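Asker: Got a predicted structure here, sequence first:
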Amino acid sequence: MEFIIEKIGMSRTVTTNSSAVTLCKVLDQKVCEVNENVATVAYTFGKTTNKAIQGQQKKYNLSKEFNRFVTLDVANTEAGDIDTSALVEGVKVKLSLESKGRGFSGVIKRWNFAGGPGSHGSRFHRTTGSIGNAEFPGRVMKNKKMPGQYGNKKITVKNEILSFDAQTGIVVLKGSIPGSNGSLGKLRISK
């Protein structure tokens, strides 16, 4: 079973063994149609609208706030509100979110290279250093750690639900998950 979530932020549990937790909100979702456990689901996010979205809203008799559509594996057998009964304490889940984008980054930030001395005219402070060789094979090898795009990739992590509030839709997850606050992702219940 899958759900669309929004990352709210992080906090801590207030117990004798305090631990870090991540708070996520299960967005308002309606199942539009179901075909062999794969369903077309509408959810609420932002104020995007166009003729295609309006046509889908009219087709499935949805209100204007349901403006995004996605295909998910759900527990529902017919159209209506999404079934959240599987979100209980202790359930193992997989979360897929986009990591924070850090732009074009050098090797020290991207790959944790040490760099060189910062003084005494070394001219090797935060640079990459040697990347290849003059003799065999005489080229830069594949998968060489070099500067480039860092972050902004889809990352999937395993986690555990500590609690779920059905009224507010808040899921409390153990530990941290990738992505910035406010980013959307997918929560899958592990089988």
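Answerer: Yep, it's here. A quick note: this is a predicted structure, and the numbers were derived from the prediction, not measured. Residues are numbered from 1 along each chain as shown.
Asker: Which strands or helices does the helix or strand bottoming out on mean pLDDT in the chain pack on?
Answerer: Taking mean pLDDT, DSSP states H and E as the measure, the helices and strands of the chain show their lowest mean at strand 80-81, namely a mean of 81. Applying 3 or more CB pairs under 8 Å, 6 or more residues apart in numbering; DSSP states H and E, we find strand 80-81 packed against strand 29-35. Every C-beta, even on glycine, is put in place using the N, C-alpha and C of the backbone.
Asker: Quickly run through the sheet partners of the strand it packs on, with directions.
Answerer: Listed by DSSP bridges, the sheet partners of strand 29-35 and their directions read strand 38-43 (antiparallel), strand 80-81 (antiparallel).
Asker: pLDDT of the helix or strand following the longest one, averaged?
Answerer: So that's strand 38-43. Downstream of strand 38-43, the first helix or strand assigned by DSSP states H and E is helix 51-59. Here helix 51-59 scores 87 as its mean pLDDT.
Asker: Surely residue 110 is in a helix?
Answerer: Yes: the secondary structure assignment for residue 110 places it in a helix, going by DSSP: H, G, I helix; E, B strand; the rest coil.
Asker: for the closest residue to it other than its chain neighbours, what are its contacts?
Answerer: Distances taken as CB to CB, 6 or more residues apart in numbering put residue 150 closest to residue 110, at 4.6 Å, once the chain neighbours are dropped. When contacts are counted by CB atoms under 8 Å, 6 or more residues apart in numbering, residue 150 is found next to 101, 102, 103, 104, 105, 109, 110.
Asker: out of these, which are inside helices?
Answerer: When the contacts of residue 150 are checked against helices using DSSP state H, the ones located there are 109, 110.
Asker: Run through the protein and note the low-pLDDT ranges.
Answerer: 191 (pLDDT under 70).
Asker: Could you chop the chain up by domain?
Answerer: For the chain, whose domains are defined here by automatic domain parsing, the residue ranges read 2-101+156-189, 105-150.
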